[in-house]
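**Q** quick one, fold the following:
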Amino acid sequence: LIAQNVPVQQWWAKGCAFFPHVHAVPALPAETRDELKVVMPQLKDDLLLHEYVKHAQCFGYPAQQFFETALQMRQAVVDSGFGDYLLGQAGQTRSREELQYAFAKAFGTDQRRSLQLQCGKDKQGRNVLTQFWFTLKADKLASFPAAESFVNTPDGEYEDSCAEPFVLPGW
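**A** Residues are numbered from 1 along each chain as shown. Purely as a prediction, here's the structure:
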């Protein structure tokens, strides 16, 4: 896709659908599916379909291994100082800069643009953080969440839909 000059935003929108032979939804053990529902209930789209089918299966990752790794990485964030910050600030209104500072401090990184945010509106019309993700170095995934695993998202690829200020939810 890079060699074909496919823009990153187009890749985000279409994902593995660039490869028409990729459509199968893999079977996961019930235990894994249940755990995904518990840790990601705020997502509108099924995590299996959105993350794996859309963004990962065309690279040949086995589904069970992909989600086991994702769940382990999520737990590392929950157990970190950044996880403590998010839980301690639940219900509070914060800015992107405050969140980026807490992220950088917790993980000892200067790669603040590694953290990307997505927000939505709640019933009161407030901006609420609905999800966040990190840009990581593919060759440093095994060291996550060490500082060297993070990398700033390149200009033009930074996807952040959070108007400021925004409320941190009580996930």
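**Q** I figured A104 hits D110, correct?
**A** Yes - contact criterion CB atoms under 8 Å: A104 and D110 qualify, at 6.5 Å. For every residue, glycine as well, the C-beta is placed using N, CA and C.
**Q** pretty sure S161 sits in a strand.
**A** No - read with DSSP: H, G, I helix; E, B strand; the rest coil, S161 is coil and lies in no strand.
**Q** name the nearest residue to it, ignoring sequence neighbours.
**A** Of all residues not flanking S161 in the chain, Q118 sits nearest, at 5.0 Å (CB to CB, 6 or more residues apart in numbering).
**Q** confirm that the one you found lies within a helix, as I assumed.
**A** No - counting by three-state DSSP, Q118 is not part of a helix but strand.
**Q** run a quick neighbour tally on it.
**A** Neighbourhood size, Q118 [other CB atoms under 10 Å]: 13.
**Q** please enumerate the strands of the chain.
**A** Using DSSP state E, the strands of the chain run over residues 93-94, 115-121, 127-134, 166-167.
**Q** go through those and name the closest to F19.
**A** strand 127-134 (22.5 Å; CB to CB).
**Q** let's see that closest one as CSV, backbone CA atoms only.
**A** The C-alpha trace of strand 127-134 is given here as CSV (Å, rounded to 0.1, in the frame of the first residue of the first chain):
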residue,chain,number,x,y,z
ASN,A,127,-17.1,16.0,24.8
VAL,A,128,-16.1,12.6,26.3
LEU,A,129,-13.0,10.5,25.6
THR,A,130,-14.3,7.3,24.1
GLN,A,131,-11.0,5.6,23.2
PHE,A,132,-7.3,6.2,22.8
TRP,A,133,-4.5,4.3,21.2
PHE,A,134,-0.7,4.5,20.8
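**Q** mind listing what's buried in that strand?
**A** 127-130, 132, 134 (16 or more other CB atoms under 10 Å).
**Q** give me the angle between it and strand 115-121.
**A** 150 degrees (axes from the mean of the first three to the mean of the last three CA atoms, to 10 degrees).
**Q** low-confidence stretches in the chain?
**A** Within the chain, the ranges that satisfy pLDDT under 70 run 20-24, 40-49, 156-159.
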